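> Pasting a predicted model and its sequence here:
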Amino acid sequence: MDEIKCLLRNMQEEMRQQKADILDMKEDIKNTIISNMSEKFNSLEVKNEQLEQQLVSHKNKIESIERLARRRNLLFFGVEERERSYQDLENKVLDIINNMLNINCNEYGIETVRRLGKKGEKVRPIVVTLTTMGLKIKVLKNKKNLATSPYYIKEDFPLEVINKRKELQNELKKERELGNRAIIKYDKLIILNEKTRENEQVTPNGQGQKKKDNKKRNLSESPEDNPSSSKNSNKKQSTKINKNSSMSNYLIKKPTFTYHGSLSPQKTTQNPTQTTL
């Protein structure tokens, strides 16, 4: 019996040791798997970041290329689809530019023209690619001449930019209601607050300083109390005299000029009030 009990004890000890070894092995395998997975995950994360950066870079390049390709494009809307050939369409565009926009242009000023989209019930716009940016600017400046016609002209933007510009219309309206001068340039809203620019001037220390304080006196000051007001009035009067004086008087006062002819000394001596510039 004692031997059997001893054997059982030994077996139990061996089983306990095996269980401990198995648990240690499981822990080692688990740690190894986790470390391998973390390394692979970190490498994949780094590659993913690199791919995202490349994607953003490629996207920016594509956008810049597309923007450059559309830079000299204009969209002509409302032009009837009666052309039978490319030459007819080009002549129609040239007719609008020359006769309605009053801009001298020939076939060398147009690189290409084409209808945008598939033919259907609606009149498709015409994409016109001009040869120079100068001609495009002239067309955009004179497009107001088409106000009484069924035609109108817009710039050619990508679809994403068109959607952004639509979203910015509400912000543009709010800024104009506040009295600010705002415009949409490409896909950005630019606020040009002329009132702020006139009233404030940026000093070297970065603080704004009002301009109109030096031009206008305070309401609490009278002309008698402010001696600079009389000086300013004298200066204004002197400038008026200079504007009313003739060009010959102005030239006579210049000491560097030599005058020939029958000018008398009386004409060369002028009233001191007229010599103020």
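Great, that's in hand.
> In the sheet, which strands lie alongside the helix or strand encompassing Ile153, parallel or antiparallel?
Under DSSP states H and E, the secondary-structure element containing Ile153 is strand 152-155. Strand pairing for strand 152-155, using DSSP bridges, gives strand 73-77 (antiparallel).
> which strands and helices sit next to the helix or strand that the partner strand is followed by?
Later in the chain than strand 73-77, the nearest helix or strand by DSSP H and E is helix 86-95. If you count contacts as 3 or more C-beta pairs under 8 Å, 6 or more residues apart in numbering; DSSP states H and E, helix 86-95 packs onto strand 110-115, strand 126-130. Where you see a C-beta, it was placed from the backbone N, CA and C, and this is true even at glycine.
> Now the ones you listed in JSON lines, please, with extra columns for mean neighbour count and mean pLDDT.
Conversion of these to JSON lines gives the following (neighbours: other C-beta atoms under 10 Å; pLDDT from 0 to 100):
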{"stretch": "strand 110-115", "mean neighbour count": "15", "mean pLDDT": "94"}
{"stretch": "strand 126-130", "mean neighbour count": "21", "mean pLDDT": "94"}
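> Output the ones you listed in TSV; the columns should cover distance to Phe76.
Shown next, in TSV, are the helices and strands packed on helix 86-95 (distance: least, C-beta to C-beta, whole Å):
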stretch	distance to Phe76
strand 110-115	9
strand 126-130	4
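> Out of those strands, which is closest to Arg67?
Nearest to Arg67, of all these, is strand 126-130, at 13.9 Å by C-beta to C-beta.
> who touches Leu101 in this structure?
Lys138, Val139, Asn142, Lys143, Asn145, Leu146 (C-beta atoms under 8 Å, 6 or more residues apart in numbering).
> One more: Asn142?
Leu101, Asn102, Ile103.
> how about the strands in this structure?
73-77, 110-115, 126-130, 152-155, 181-185, 188-192, 200-202, 208-210 (DSSP state E).
> Gln18: which of the ones you listed is closest?
strand 188-192 (72.0 Å).
> Okay, now the unreliable bits of the stretch 101-250 of the chain?
Within the stretch 101-250 of the chain, the ranges that satisfy pLDDT under 70 run 193-250.
> at 50 instead, please
Along the stretch 101-250 of the chain, segments meeting pLDDT under 50 span 196-250.
> what are the ranges of the helices in it?
Listed in chain order, the helices of the stretch 101-250 of the chain (DSSP state H, counting those that start in this stretch) span 133-142, 159-177, 194-199, 212-215, 227-244, 247-253.
> Could you dump the contacts of Asn142 into TSV and include distance to Asp187?
Formatted as TSV, the contacts of Asn142 follow (distance: C-beta to C-beta, whole Å):
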residue	distance to Asp187
Leu101	27
Asn102	31
Ile103	28
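> Return the closest of the residues you listed with respect to Ile162.
Leu101 (23.8 Å).
> which of the contacts of Asn142 lies closest to Lys164?
When those are compared against Lys164 (criterion: C-beta to C-beta), the nearest one is Leu101, at 28.4 Å.
> Could I get the phi/psi values of that closest one?
With angles defined as degrees, to the nearest 10, Leu101 sits at phi -90, psi -10.
> And for Glu81?
According to degrees, to the nearest 10, Glu81 has phi -90, psi 80.
> Look at it and say how many residues are nearby.
Look at Glu81: counted by other C-beta atoms under 10 Å, it has 12 neighbours.
> can you check Val161 too?
Count around Val161 with other C-beta under 10 Å applied: 18.
> Distance-wise, check it relative to Asp187.
5 Å (C-beta to C-beta, to the nearest Å).
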